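Asker: just to be clear, the model below is a prediction. Sequence and coordinates:
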Amino acid sequence: SSRKKKIEQLQAQIGQLQAQVELLGSKLIPALESPARIKAIIQSIKDSSKHDLRTITASDEDQTTTVSLAKATHSTDYLSHVQNVFKQWRDKGLVEQHESVLPECFRLQNIANAKPKPPKDIFARAGYYAFDMSTGISQNSWKSIIASANLGVQAAQLLLPSPTPDTTTDDDERPKSVLALCRPPGHHCTGTQAGGYCYINNIALSITTLRHFSPPAKKTRRPSNPHFASTSTLKFAVLDLDFHHGNGTQEMFYTDPNVLYVSIHGEDEFPYYTGGADETGPPAPDAASGTNLNLPLAAGATFEAYTGKLKEALQLIQNFKADYLLVSLGFDTFHLDPLGKFDIKSEDYEVMGRQVRTALKDLPAAILLEGGYVIDRLGENLLNFLRGWEGAE
Ligand code: OKS
Ligand code: ZN
């Protein structure tokens, strides 16, 4: 087709690129979010030999469970698009085997059609289910997306109380906190759109999992947290420490009175259209009013400025009396990060981890990895955060 020819002509000008590319400024560049990030972290954790590192390979049964929990979190047409678009483009010759699908035109506000339908043409549909040009879909994307989502599920399951408290299974055998080395990350994607390197919202999936598998309230006991036993509706606090605002997580729980979302992030940074301090949930007297807190910080913010916001965040979470804590942990707040603008140093992460865990000791916690792109400092920064966290447990 002529479209295919035109794209080929343009592509020839770009030259050889790796499978995943993203648009940055006017340039298509190799994707910053890559498997090398996790490899580096795993190496550092192995070297430190202080942690119980588990490799979780999702069995077929796990994958089925993860997909069905994902369907309770995202729309099914969105998920099947993400799963199938690469092959659909491939079959039409719109993408080469080693390349990735990127959208061309996005769903736009339209006075004549408030709810645009997915375009029939698969080429156009890529832009219906995405909001940026940083979130390509390649041959192996779905595999990684499900593996990452599965970690969100498994992390949640590790925190669950025993379904039969009267039997021998000891609650004390459960970890108090779990860290999941998820990639791709999750906090930007919504129920129907990928973006910011995110396809499935791993934090939302952890919440779906905890809700789905929690035994009925009366059967549970949690001596460390009296709220758990007394409420039939579970409450969740999400603390988002990535440099970027987690627009997807905010949106998914904005009207949910049982999920508090709190984020400290770069002001007016990606994803640009969300993250304002005035986004506090639906107006009173709605039950979800006040269950969203955005704490934007200007470029150049020091760790001192950061801890000021962190204290505010932790205070609100304490007041909320959640049953579980979910942390979106990003290391793009690091001073050298190519996508961040804060002035946070490696040693600050230890203080950060200690402050969070000291304030929220009682809560079973799942920490899920989000961003962070200085690959050779990721392990160090993460181990520092863990040292601080564990020192407070
Ligand atoms: C330009 C960069 C897009 C920013 C994506 C942000 C990803 C992230 N292609 N979110 O937390 O780290
Ligand atoms: Zn980020």
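Answerer: Happy to help now that I have it. Numbers count the residues shown, from 1 in each chain. Ligands and ions are numbered 1, 2, ... in the order given.

Asker: pretty sure Ala288 contacts Thr255?
Answerer: Yes. If you go by Cβ atoms under 8 Å, Ala288 and Thr255 touch, sitting 5.0 Å apart. Where you see a C-beta, it was placed from the backbone N, CA and C, and this is true even at glycine.

Asker: name the residues contacting each of these two.
Answerer: Taking Cβ atoms under 8 Å, 6 or more residues apart in numbering as the contact rule, Ala288 and Thr255 both touch 281-282.

Asker: how many neighbours does Ser263 have?
Answerer: 27 (other Cβ atoms under 10 Å).

Asker: part of a strand, is it?
Answerer: Yes. Assessed by DSSP: H, G, I helix; E, B strand; the rest coil, Ser263 belongs to a strand.

Asker: more crowded one of Ala288 and Thr255?
Answerer: Ala288 (19 against 15).

Asker: ok, and the closest non-adjacent residue to that one?
Answerer: Pro257 (4.2 Å; Cβ to Cβ, 6 or more residues apart in numbering).

Asker: pLDDT at that neighbour, what is it?
Answerer: Reported pLDDT at Pro257 in the predicted model: 98.

Asker: neighbours of the nearest residue to Ala298 once chain neighbours are set aside, just the number please.
Answerer: Of all residues beyond its chain neighbours, the one nearest Ala298 is Glu267 (5.2 Å), with distances taken as Cβ to Cβ, 6+ apart. By other Cβ under 10 Å, the residues close to Glu267 number 16.

Asker: same check on the one 5 residues further on?
Answerer: Taking other Cβ under 10 Å as the criterion, the count of residues near Tyr272 is 11.

Asker: can I assume it sits in a helix?
Answerer: No. Secondary structure of Tyr272 (three-state DSSP): coil, not part of a helix.

Asker: before we move on, the earlier item: please verify my assumption that the residue nearest to Ala298 contacts Pro296.
Answerer: Yes. Using Cβ under 8 Å, Glu267 makes contact with Pro296 at a distance of 3.6 Å.

Asker: what residues are shared contacts of these two?
Answerer: Gly275.

Asker: okay, helices next: where are they in the stretch 251-393 of the chain?
Answerer: 303-320, 348-359, 375-391 (DSSP state H, counting those that start in this stretch).

Asker: can you say which of these is nearest to Val153?
Answerer: helix 375-391 (21.3 Å; Cβ to Cβ).

Asker: near ligand 2, which residues of the protein?
Answerer: Residues of the chain lying close to ligand 2 by Cβ under 5 Å from the ion are 242-244, 330, 332, 371.

Asker: neighbours around the closest residue to Leu339 other than its chain neighbours, how many?
Answerer: In space, Leu339 comes closest to Asp332 once its chain neighbours are excluded; the distance is 5.1 Å by Cβ to Cβ, 6+ apart. When neighbours are defined as other Cβ under 10 Å, Asp332 has 26 of them.

Asker: contacting residues for Asp332?
Answerer: Here Asp332 is in contact with 242-244, 339-340, 370-373 (Cβ under 8 Å, 6+ apart).

Asker: next one: Glu370
Answerer: 182, 185-187, 240, 242, 244, 246, 328-330, 332.

Asker: ok and the residue in the stretch 151-300 of the chain nearest ligand 2?
Answerer: Residue nearest to ligand 2 within the stretch 151-300 of the chain (Cβ to the ion): His244, separated by 3.7 Å.

Asker: pLDDT score for that residue?
Answerer: 99.

Asker: ligand 1 contacts on the stretch 201-350 of the chain?
Answerer: Counting by Cβ under 6 Å from any ligand atom, the stretch 201-350 of the chain comes close to ligand 1 at 242, 244, 270, 330, 332, 339.

Asker: Three-state assignment for the first one, please.
Answerer: Right, Asp242. Assignment for Asp242 (three-state DSSP): coil.

Asker: so Asp47 sits in a helix?
Answerer: Yes. Under three-state DSSP, Asp47 sits within a helix.

Asker: how about the nearest residue to it, chain neighbours excluded?
Answerer: Using Cβ to Cβ, 6+ apart, the closest residue to Asp47 is Gly379 (7.9 Å).

Asker: can I assume that neighbour is in contact with Ser44?
Answerer: Yes. With contact defined as Cβ under 8 Å, Gly379 counts as touching Ser44 (2.4 Å).
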